[in-house]
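Student: Fold the following for me, if possible:
(chains A and B)
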Amino acid sequence: MSEPKEAAADAPDEVKMETRAVNIFYGDNHAIRDVDFDITDRSVTALIGPSGCGKSTYLRALNRMNDTIDSCRVEGRILLDGEDIYDRSVDPVEVRRRVGMVFQKSNPFPKSIFENVAFGLRIGGEKDKDLLAQRVEESLKGAALWEEVKDRLQSSALGLSGGQQQRLCIARCLAVWPEVILMDEPASALDPIATAKIEELIRELREKYTIVIVTHSMQQAARVSDFTAFFYMGKLIEHGKTGDMFTRPTKKRTEEYISGRFG
Amino acid sequence: MRYTKKDWLLAGLTGISLVIILLLLAVLLGQIVWHGAPVISAEFLTQSPGADMVSGGIWPAVYGTVFMTLLMTIAGVPVGIATAIYLSEYASPRSRIAKLVRIAVNNLAGVPSIVFGLFGLGFFIIFVGGSMDALFYDDPRPVWGKPSILWASLTLAVLTLPVVIVTTEEALRTVPQEFRDASLALGATRFQTVYKIVLPNAKGGILTGVILAVSRGAGEVAPIIFCGAANFLPYLPTDLRDMFMHLGYHVYALATQSPNVDAARPTLFGTVLVLLVLTFSLNLLAVIIRARSRAALRS
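Tutor: Predicted coordinates:
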């Protein structure tokens, strides 16, 4: 584990994750077909597309969360810093420490705010109380939640509002110092104000982390992302810089989806 | 909301059922308390029965019941909880072994309790105990291959196993999948997820199920008839190989084997009352734990 790097230290367009000829199956259902895609380091990549297009499935393959689904099979190669995360020698637990995830429905544990954020560190074997306290504070600040909860760290996380709970889940994810953060429609259950806060947070996090976000809202993709990938029927139809995608899509399907003619 | 004719009919039927059940319970309990309570005294609870079984107390039976219940819990509950964790957290839904285990558990739950008694006699006493004697002892008299509190407890442990497994599995399933996902996504292993997230959140449900299973096992008589319960044994078991008295079996013995059944009746009701109080307090404990764990989840 290393401290998240500051932006601009490396070349700006370094590739963090690559997927090569990725196919994903649920039993006989061929959910993702031949996806080749690069995810740029310290940027926000939005995955868009109609419901059932496979974008969430693809996202969950990036940190091996699909392993928990028995009938799911992943073929092809997914590389993190050049290393295949599906290689036999790779421990999925290690992958998930480096590639964190924030879910659609906020899912804080029924524990205190402090213990929620400290969970990932504790299971990593961290026992030093000062260090835990410091990292919890750091992570809550990173998730723009510290000011709202600093006086009630010991009260239950379930007492927070929906938006606060989702930011707590982001803080919990930040605490283990991931390199990549996957977000599966993180704001879809939130009101506009809470959504705006999450979006602002995502833009700030981009400085230190590589973020991949699945979203239903094209406006959201346009607001927060640097790159956009459009999925349709399990295929990656088109991807590129967000600005280009939304102004000059090259494929007809993309244009139709973005202009709201289907989806 | 206004009631239609059909609503009234349904309300009437359910009301009548309710009254019938409450009445049955009241008559049952009323009779036991009415006849049993006068017998209860410090001597009745602390002394051994006299030679006629009717005079004296029931202390060996109370002691035997508690001792047996403890042994049964120690032997059966960990196995049951471990099985449930395997079924719910580790086995894939399509796993053949898991399916087989589930079928076995369901069938085990439907077996009449007397059959467990025969199983205990055949498997634990004759096979396991008999083999131990043949292997380790040169004595023609059986050392392990005879009815004892150990074999009776193990037989009951097998009887309670399906209840423990089913209730534990249910309790584990009430833990939302999102908690497991969140834990795994933070880099927890499956074991850490079970140990730190799933079990603590299912604790109340598991405890409730365990206590209900134990209280059921404590009151069972049929399985222990062949396996170690004694008709009349006015001293306490000190060794796992000793036979023992049991409250439920004592009731059976008083009702059928005492020289004067009419004279035995007050003692009989007294014994039933003690047994009921024991199992009811276990059930009450289960209810309290369940209520507490629900309240803890809400706050």
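Student: From now on I want contacts and neighbour counts done on CA atoms only, so please keep to that.
Tutor: Will do.
Student: Flag the shaky bits of the stretch 1-150 of chain A, pLDDT-wise.
Tutor: Residues of the stretch 1-150 of chain A meeting the criterion pLDDT under 70: A:1-12.
Student: Do a quick rundown of the strands in the stretch 101-250 of chain A.
Tutor: A:180-184, A:210-214, A:227-232, A:235-241 (DSSP state E, counting those that start in this stretch).
Student: Show me the one of those that comes nearest residue A:92.
Tutor: strand A:180-184 (14.5 Å; C-alpha to C-alpha).
Student: Now do that closest one and strand A:210-214, the angle between them.
Tutor: Relative orientation of strand A:180-184 and strand A:210-214, computed by axes from the mean of the first three to the mean of the last three C-alpha atoms, to 10 degrees: 10 degrees.
Student: Export only the CA atoms of strand A:180-184, formatted as CSV.
Tutor: Provided in CSV are the C-alpha atoms of strand A:180-184 (Å, rounded to 0.1, in the frame of the first residue of the first chain):
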residue,chain,number,x,y,z
VAL,A,180,-8.9,2.7,-8.6
ILE,A,181,-12.4,3.4,-7.4
LEU,A,182,-15.4,1.8,-9.2
MET,A,183,-18.7,3.4,-8.7
ASP,A,184,-21.9,1.7,-9.7
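Student: Next, give phi and psi for residue B:49.
Tutor: Per-residue torsions, residue B:49: phi -70, psi 150 (degrees, to the nearest 10).
Student: For it, give me its contacts.
Tutor: Neighbouring residues of residue B:49 by C-alpha atoms under 8 Å, 6 or more residues apart in numbering or on different chains: B:55-59, B:234.
Student: Any chance of a markdown table for the strands of the stretch 101-250 of chain A, columns distance to residue A:150?
Tutor: Shown next, in a markdown table, are those (distance: least, C-alpha to C-alpha, whole Å):
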| stretch | distance to residue A:150 |
| --- | --- |
| strand A:180-184 | 24 |
| strand A:210-214 | 26 |
| strand A:227-232 | 35 |
| strand A:235-241 | 38 |
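Student: which parts of chain B sit against chain A?
Tutor: With the criterion set to C-alpha under 8 Å from any C-alpha of the partner chain, chain B comes near chain A through B:92-93, B:178-179, B:181-189, B:192, B:197, B:297, B:299.
Student: Would you mind checking these for buried ones?
Tutor: B:92, B:178-179, B:181-189, B:192, B:197 (16 or more other C-alpha atoms under 10 Å in any protein chain shown).
Student: which one of those residues is nearest chain A?
Tutor: Nearest to chain A out of those is residue B:187 (C-alpha to the nearest C-alpha; 4.6 Å).
Student: Can you check which helix is longest in chain B?
Tutor: helix B:261-298 (DSSP state H).
Student: List the residues that contact residue 182.
Tutor: Answering for chain A, as no chain was given. A:59, A:99-102, A:211-213.
Student: wrong one, chain B
Tutor: A:101-103, A:107-108.
Student: Just want the most central residue of chain B.
Tutor: For chain B, the residue nearest the mean C-alpha position is residue B:217 (2.1 Å; C-alpha atoms, centre = their mean).
Student: quick check, it in a helix?
Tutor: Yes. With DSSP: H, G, I helix; E, B strand; the rest coil as the criterion, residue B:217 is located in a helix.
Student: Please report how far it lies from chain A.
Tutor: Separation of residue B:217 from chain A (C-alpha to the nearest C-alpha, to the nearest Å) stands at 34 Å.
Student: thought that residue was touching residue B:158?
Tutor: No. Under the criterion of C-alpha atoms under 8 Å, residue B:217 is not in contact with residue B:158, lying 9.7 Å apart.
Student: Can you give me the neighbour number for residue 76?
Tutor: No chain in the question, so chain A it is. 16 (other C-alpha atoms under 10 Å in any protein chain shown).
Student: could you do chain B instead?
Tutor: By other C-alpha under 10 Å, the residues close to residue B:76 number 24.
Student: Please produce JSON lines containing the strands of the stretch 101-250 of chain A, extended by mean pLDDT.
Tutor: Output for the strands of the stretch 101-250 of chain A, formatted as JSON lines (pLDDT from 0 to 100):
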{"stretch": "strand A:180-184", "mean pLDDT": "96"}
{"stretch": "strand A:210-214", "mean pLDDT": "97"}
{"stretch": "strand A:227-232", "mean pLDDT": "95"}
{"stretch": "strand A:235-241", "mean pLDDT": "94"}
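Student: quick one, what contacts the residue nearest to the centre of chain B?
Tutor: B:69, B:156-157, B:159-160.
Student: out of those residues, what pair is the most spread apart?
Tutor: The farthest-apart pair in those, when distances are taken by C-alpha to C-alpha, is B:69 and B:159, at 12.2 Å.
Student: And residue A:219, how far from residue A:228?
Tutor: Between residue A:219 and residue A:228 the distance is 12 Å, computed by C-alpha to C-alpha, to the nearest Å.
Student: returning to what we had before: could I get the buried ones among the residues of chain B next to chain A in a markdown table, plus columns for pLDDT and distance to residue A:148?
Tutor: What follows is those, written out as a markdown table (pLDDT from 0 to 100; distance: C-alpha to C-alpha, whole Å):
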| residue | pLDDT | distance to residue A:148 |
| --- | --- | --- |
| B:92 | 84 | 42 |
| B:178 | 93 | 25 |
| B:179 | 95 | 24 |
| B:181 | 94 | 26 |
| B:182 | 95 | 23 |
| B:183 | 96 | 24 |
| B:184 | 95 | 27 |
| B:185 | 95 | 25 |
| B:186 | 95 | 24 |
| B:187 | 93 | 27 |
| B:188 | 95 | 28 |
| B:189 | 94 | 31 |
| B:192 | 96 | 30 |
| B:197 | 95 | 26 |
